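**Q** Starting from these lines, generate the structure:
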Amino acid sequence: MSNNEKSEFLTALQSGDRQAFAKLVEETSTQIYRTARQILGDEQDAEDVLQETYMKAFKALPTFEGRSSISTWLHRIAVNEALMMIRKRKTPMVSVDDTLPFESDEESSGIEIVDFCCLPEKELLSSESRKFMDQAIQRLPETLKTVFVLRDLEGLSIQETAEALQITENNVKTRLLRARLRLRQELAVYYAEKVEKEKSK
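**A** Residues are numbered from 1 along each chain as shown. Predicted structure coming up:
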């Protein structure tokens, strides 16, 4: 879509054009749902967040200033809705300050990580492994999980992730490193057990 087409599309959205809004939903709903699902870990809750996101977006579109892309703006609404839902569950909150201390790439690279090469490919791609990964993501503090989901799972850029979460790009990089390190450590333990089982066969 050219810049001119984007401008015309935004104008149509802001004027309440329901056909344009239906197109927006069609083009973005899969990614927005997936983001909510990864943060919440529940399909029904993700559906609720998806519906609430578009309801709020439709009402707020006339005041949308275009400082970020429509997609980034929708992600921001969805993340906020998902986090509000988590807080309503009264899930214990973990501050980013309570997570692992900041480590540079050089420092974290010194951590011993199990060699997965002796595991069969089918094991690495098994439903059990994917389920463990999903559970590990759910165990991340929400401040780390939201960054990881947007940047690594949904493929937003550092800048887009920062805009969606309304934090600095440096904060995105710091939280992303912490999230990756936590997941890497959990997966190392998980696959170490798998490796031992494979060797004992």
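
**Q** Please make it C-alpha for all contacts and neighbour counts, starting now.
**A** Noted.

**Q** From Leu187, how far out is the closest residue to Ser15 other than its chain neighbours?
**A** Excluding its sequence neighbours, the residue lying closest to Ser15 (Cα to Cα, 6 or more residues apart in numbering) is Pro62, at 7.0 Å. Plainly put, Pro62 is 45 Å away from Leu187 if you go by Cα to Cα, to the nearest Å.

**Q** Which of those two has more residues huddled nearby?
**A** Neighbour comparison, Pro62 and Leu187: the larger count goes to Leu187, with 18 against 14 (by other Cα atoms under 10 Å).

**Q** residue contacts, the more buried one?
**A** Met133 (Cα atoms under 8 Å, 6 or more residues apart in numbering).

**Q** Where does it fall, secondary structure wise?
**A** Counting by DSSP states H and E, the element that carries Leu187 is helix 169-199.

**Q** Would you mind listing the buried residues in that helix?
**A** Residues 169, 172-184, 186-188, 191-192, 194-195 are the ones in helix 169-199 that count as buried (16 or more other Cα atoms under 10 Å).

**Q** For the most centrally placed residue in the chain, what are phi and psi?
**A** By Cα atoms, centre = their mean, the chain has its centre lying nearest to Val149, at 1.7 Å. With angles defined as degrees, to the nearest 10, Val149 sits at phi -60, psi -50.

**Q** In contact with it: list those residues for me.
**A** Contacts of Val149 by Cα under 8 Å, 6+ apart are Thr35, Gln38, Ile39.

**Q** Adding secondary structure, neighbour count and pLDDT, write the residues you listed out as JSON lines.
**A** Below are these laid out as JSON lines (DSSP: H, G, I helix; E, B strand; the rest coil; neighbours: other Cα atoms under 10 Å; pLDDT from 0 to 100):
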{"residue": "Thr35", "secondary structure": "helix", "neighbour count": "24", "pLDDT": "95"}
{"residue": "Gln38", "secondary structure": "helix", "neighbour count": "23", "pLDDT": "93"}
{"residue": "Ile39", "secondary structure": "helix", "neighbour count": "26", "pLDDT": "94"}
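
**Q** can I get these in a markdown table with distance to Ser69?
**A** Converted to a markdown table, the contacts of Val149 look like this (distance: Cα to Cα, whole Å):
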| residue | distance to Ser69 |
| --- | --- |
| Thr35 | 17 |
| Gln38 | 22 |
| Ile39 | 21 |
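
**Q** Tell me the one of those residues nearest Val25?
**A** Thr35 (14.5 Å; Cα to Cα).

**Q** any idea of the mean pLDDT in the helix holding Leu187?
**A** Per-residue pLDDT values across helix 169-199 average out to 84.

**Q** ditto for stretch 17-34
**A** For stretch 17-34, the mean pLDDT works out to 95.

**Q** Can I get it as CSV, trimmed to CA atoms?
**A** In CSV, the C-alpha atoms belonging to stretch 17-34 read as follows (Å, rounded to 0.1, in the frame of the first residue of the first chain):
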residue,chain,number,x,y,z
ASP,A,17,-16.3,3.8,7.1
ARG,A,18,-17.3,0.3,8.3
GLN,A,19,-16.0,-1.3,5.1
ALA,A,20,-12.6,0.1,5.7
PHE,A,21,-12.8,-1.0,9.4
ALA,A,22,-13.8,-4.5,8.3
LYS,A,23,-10.7,-4.6,6.1
LEU,A,24,-8.5,-3.5,9.0
VAL,A,25,-9.9,-6.3,11.2
GLU,A,26,-9.4,-8.8,8.4
GLU,A,27,-5.8,-7.8,7.9
THR,A,28,-4.7,-7.5,11.5
SER,A,29,-7.0,-9.8,13.7
THR,A,30,-4.9,-12.9,13.3
GLN,A,31,-1.8,-11.2,14.6
ILE,A,32,-3.6,-9.3,17.4
TYR,A,33,-5.3,-12.5,18.6
ARG,A,34,-2.0,-14.4,18.6
